[in-house]
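Peer 1: take a look and give me a structure for this.
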Amino acid sequence: MKSKSNLFENVQETLSNRLKPWERTMQFWVRAVNVYTSYKFCQIRVKYVKGKEKQERMWEDQHEIAADRIYSLCYDLGGFFLKAAQIIGKPDLAPNAWVKKLVTLCDDAPATPFEAVQFVIEKELERKPNEIFERFERIPIGSASVAQVHRARIKGATSDVAVKVQHPGVQDIMMTDIRNLKTFAAYLQKTDIRFDLVSVVQEMEKQVDYEFDFLREAKSMEKIGEFLKTINKGKPSVIVPRPIWGMITRKVLVMEFIEGTSIMRLGDEMSKRGISPHGKMAMTVKRSILKDLTTAYGQMILKSGFFHADPHPGNILVTKDTKVALLDYGQVKDLPDVLRLGYAGLIMALVSGDPLKIGKSFEELGIRTLTNASDNPIAFKNLAQMMFDTKLPPGVKMASPYGEGSSLNDVPVQSFPEELFFVLRTIQLLRGLSVGMGINYSCAEEWRQMAEEALSSAGRCIDSQRKNDKGIGKKLRFWRRKQRV
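Peer 2: Residues are numbered from 1 along each chain as shown. Next comes the predicted model:
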């Protein structure tokens, strides 16, 4: 029988060589080119088909085919591709066929065998798991790209804990994946998507590297939890798990266990309880969830600058009393004040609806476009709203950055600050959730007061014209007004 040490080494070798680097690279490019060329061929074929309905059916069929191929790529190769699936698998960014497939990868990635998990815990905490835990569930409650989480109870304790254990050998394969994606992003940037994709991947590369230090994650979790408690006078809008110090290393993290339902399964949970997912009661709950998340992210980004930067649906739980818990602090971002205040200024510009003010904010933030706000004000305003606001225009259900009607076609983004990528990602999360819930709202409007306070605290002058903006404020807050259901 193999020893635990040998099993651990075998698992580590399997993951590190889950296809050796050159094999992973080859597999990625073969599959990525397959998906890319299939879309290009579909684009050509559609031009020769008459009738909008027939064209739409062709695209839907293409999305279904591509969804299966992308899912297989992400699941089979794992590593950073699981992260990529989390980022693009949102209803406001990707076709429905993609979303249905990729959303299952948020917390159902391939798991490390339990024997190897035991070995990691013993090696890191210098005690056998049965010496520490009264109970430890063998099957993980979730497995993602970097780690998996088990439910357990420490001996002598009265409540459960979550034990996060890093997959052996996963760091090396993720770095290989990022290098491949960086090259692919550079190609897409030149040929199809007129946006600074390379800077986005570079920022992701930096942040992913941080995810392999659970001590850093625990400190970040504690810092954000204390900040939200303080700024909300002991009543934060979201729940942040409490780290259990003395049981945390770079590869093992023990924290408070939060009981709840994944936001991805909220509709199913409502149906089980006899609540119509589209009824008035459900819509009230959904508005409350969006309000809490929007408030928490607004406070983190605009008031602190230090915020949770991995906002995919798998990291959001809803408790029995409909409170929101925000999990996984492996990726956090600390915005420098110049960008934090610059973003606050952009929020004010978005609310004003003035393209020239938006253009000025873009310059301050270091966002460079090939078209000026004065040259094409409508397209410039639409671009800013697509990137930094959750509200969608009437009749629009998906803010695709690469679609035919995308404002990127009229206002290409030449350079984009790497540090702002996770702010952008947060907006995509909130918009994706709102689209999935059937609620269209503006996070810029909801963050306006926080932006004003941030600028005022820094001694920045706020445009006096803000007092005359039409209908913005309490009347426009989506959870304070009636909506059709």
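Peer 1: how near is residue 53 to residue 100?
Peer 2: Taking CB to CB, to the nearest Å as the measure, residue 53 falls 22 Å from residue 100. Every C-beta, even on glycine, is put in place using the N, C-alpha and C of the backbone.
Peer 1: who's more crowded, the two?
Peer 2: More neighbours sit around residue 100 than around the other of residue 53 and residue 100, counting by other CB atoms under 10 Å; the figures are 15 against 8.
Peer 1: could you pull out the helices for the stretch 1-150 of the chain?
Peer 2: For the stretch 1-150 of the chain, applying DSSP state H, counting those that start in this stretch gives helices covering 4-16, 21-47, 52-77, 80-88, 96-102, 114-125, 129-132.
Peer 1: low-confidence ranges, the stretch 101-250 of the chain, go.
Peer 2: For the stretch 101-250 of the chain, the stretches flagged by pLDDT under 70 are 106-108, 194.
Peer 1: hey, where'd the strands end up in the stretch 201-350 of the chain?
Peer 2: Taking DSSP state E, counting those that start in this stretch to define them, one finds strands in the stretch 201-350 of the chain at 238-239, 243-248, 252-256, 261-262, 306-308, 316-318, 324-326, 332-334.
Peer 1: do the stretch 351-485 of the chain as well
Peer 2: Along the stretch 351-485 of the chain, the stretches classed as strands by DSSP E, counting those that start in this stretch are 368-369, 413-415.
Peer 1: tally of neighbours for residue 148?
Peer 2: Going by other CB under 10 Å, the residues that sit close to residue 148 add up to 22.
Peer 1: check residue 163 too.
Peer 2: 29.
Peer 1: please apply the same query to residue 265.
Peer 2: Neighbours of residue 265 (other CB under 10 Å): 13.
Peer 1: got it, and residue 453?
Peer 2: Residues within reach of residue 453, counting by other CB under 10 Å, total 14.
Peer 1: separation between it and residue 447?
Peer 2: Applying CB to CB, the value for residue 453 to residue 447 is 10 Å.
Peer 1: identify the contacts common to the two.
Peer 2: Residues within reach of residue 453 and of residue 447 at once, by CB atoms under 8 Å, 6 or more residues apart in numbering, are residue 302.
Peer 1: between the strands of the stretch 201-350 of the chain, which gets nearest to residue 187?
Peer 2: strand 332-334 (26.9 Å; CB to CB).
Peer 1: one step back: and the strands of the stretch 351-485 of the chain, which one averages the lowest pLDDT?
Peer 2: Within the strands of the stretch 351-485 of the chain, the least confident segment by mean pLDDT turns out to be strand 413-415, at a mean of 84.
Peer 1: what's in contact with that one?
Peer 2: Contacts of strand 413-415 from elsewhere in the structure, counted by CB under 8 Å, 6+ apart, are 194-196, 199, 366-370, 383.
Peer 1: could you flag which of these are buried?
Peer 2: Of the members of the contacts of strand 413-415, the ones counted as buried by neighbours, 16 or more other CB atoms under 10 Å, are 194-196, 199, 367, 369, 383.
Peer 1: can you redo those residues as CSV with distance to residue 309?
Peer 2: As requested, the buried ones among the contacts of strand 413-415 are arranged in CSV below (distance: CB to CB, whole Å):
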residue, distance to residue 309
194, 25
195, 19
196, 18
199, 15
367, 19
369, 24
383, 23
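Peer 1: most widely separated two among the residues you listed?
Peer 2: With distance counted by CB to CB, no two of the buried ones among the contacts of strand 413-415 lie farther apart than 199 and 383, which are 16.5 Å apart.
Peer 1: buried residues in stretch 231-251?
Peer 2: Going by neighbour count (16+ other CB under 10 Å), the buried part of stretch 231-251 is 236-241, 243-244, 247-249, 251.
Peer 1: out of the buried ones among the contacts of strand 413-415, which are inside helices?
Peer 2: Helix and strand membership here follows DSSP state H; of those, those in helices are 199, 383.
Peer 1: ok, the buried ones among the contacts of strand 413-415 vs residue 275, which is closest?
Peer 2: Using CB to CB, residue 383 is the member of these that sits closest to residue 275, with 38.7 Å.
Peer 1: distance of the closest one from residue 377?
Peer 2: According to CB to CB, residue 383 and residue 377 sit 11 Å apart.
Peer 1: with residue 209 instead?
Peer 2: The spacing between residue 209 and residue 377, counted by CB to CB, is 40 Å.
Peer 1: go on, residue 228?
Peer 2: Separation of residue 228 from residue 377 (CB to CB): 38 Å.
Peer 1: the spatially closest residue to residue 28 that is not a sequence neighbour: neighbour count?
Peer 2: Closest residue to residue 28 apart from its sequence neighbours, by CB to CB, 6 or more residues apart in numbering: residue 180 at 4.9 Å. Residue 180 has 21 neighbouring residues, counting by other CB under 10 Å.
Peer 1: looking at this, residue 180 is in a strand?
Peer 2: No: applying DSSP: H, G, I helix; E, B strand; the rest coil, one finds residue 180 to be helix, outside a strand.
Peer 1: enumerate every residue touching it.
Peer 2: 24-25, 28-29.
Peer 1: buried ones from these, can you make that a ChimeraX selection?
Peer 2: Only the buried members of the contacts of residue 180 end up in this ChimeraX selection, burial being decided by 16+ other CB under 10 Å:
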select :24,25,28
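Peer 1: quick one: residue 136 from residue 165, how far?
Peer 2: Residue 136 sits at a distance of 11 Å from residue 165 (criterion: CB to CB).
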